[in-house]
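>>> Predicted model and sequence follow; I will ask about them next.
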Amino acid sequence: MYKIGFGFDAHRFSKDAKLIIGGVEIPFEFGLKGHSDADVLSHAICDALLGALGEGDIGSHFPDTDPKYKGMSSLLFLEETLTLLKERGFEIENLDSVIVCERPKIAPHIQNMKEKLSSALGISSKSIGIKATTTDQMGFTGRGEGIAAHAVALIKTKD
């Protein structure tokens with residue numbers, strides 16, 4: 001049996017944070033504001049996986065009201081989500097995602113992101129799609145106020 005899930009996340013820029021996307025620290029003048037490390041890509045992937053399982057969203061599993069998640073790496077959220085996925089008898093077939101921002105340039109970091117996510121999720125980097133786009137200066141990402149990410153997950157029952 002196959003199931004599909006969709007995830008979305010967005011965070012505002014902050015001068016008081018590092019920019020972490022897909023588990024990779026990207027040199028940039030701003031980071032993203034959030035309770036954890038505000039990794040929009042990892043958050044969107046968590047939501048996609050949880051959605052495919054019918055298990056709510058990232059906020060219901062890792063609430064921003066819980067101090068233990070303050071500053072936590074979102075790769076740990078992915079690892080815990082993977083544990084839940086396996087407990088339910090599923091495995092990841094593939095993931096696809098889009099990061100939306102005007103700046104910084106994401107393309108030079110995509111391979112490193114794929115490797116970090118591959119390691120956290122225990123799947124081949126070839127099963128992970130990551131693309132980047134702009135909104136041609138439209139909307140909050142186009143005005144340079146933050147970054148958004150969309151993700152789709154295909155999971156299947158274990159053989």
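Structure's in. What do you need?
>>> starting at the chain centroid, how far to the helix or strand harbouring Ile155?
Per DSSP states H and E: Ile155 is located in strand 146-157. Computed by Cα atoms, centre = their mean, to the nearest Å, the separation of strand 146-157 from the middle of its chain amounts to 7 Å.
>>> Can you give the strand pairings for it, parallel or anti for each?
Using DSSP bridges, strand 146-157 pairs in its sheet with strand 2-14 (antiparallel), strand 90-100 (antiparallel).
>>> quick one, phi/psi of Leu117?
phi -70, psi -40 (degrees, to the nearest 10).
>>> sorry, back to before: mind putting the strands paired with strand 146-157 in JSON lines, distance to Ala52 included?
All C-beta spots, glycine's among them, are computed from the backbone N, C-alpha and C. Output for these, formatted as JSON lines (distance: least, Cβ to Cβ, whole Å):
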{"stretch": "strand 2-14", "distance to Ala52": "3"}
{"stretch": "strand 90-100", "distance to Ala52": "8"}
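>>> May I see the buried residues of the strand holding Ile155?
Gly146, Ile147, Ala148, Ala149, His150, Ala151, Val152, Ala153, Leu154, Ile155 (16 or more other Cβ atoms under 10 Å).
>>> Going by distance to Met1, which of the residues you listed wins?
Within the buried residues of strand 146-157, proximity to Met1 (Cβ to Cβ) peaks at Ile155, which comes in at 9.1 Å.
>>> follow-up on the earlier one: so which of the buried residues of strand 146-157 is the closest to Asp136?
Nearest to Asp136 out of the buried residues of strand 146-157 is Ala148 (Cβ to Cβ; 14.3 Å).
>>> Distance check, that closest one against Arg12.
11 Å (Cβ to Cβ, to the nearest Å).
>>> Would you mind listing the buried residues in the helix or strand bottoming out on mean pLDDT in the chain?
Sorting the helices and strands of the chain by mean pLDDT, DSSP states H and E puts helix 58-61 at the bottom, at a mean of 92. By neighbour count on 16+ other Cβ under 10 Å, the buried set for helix 58-61 is Ile58, His61.
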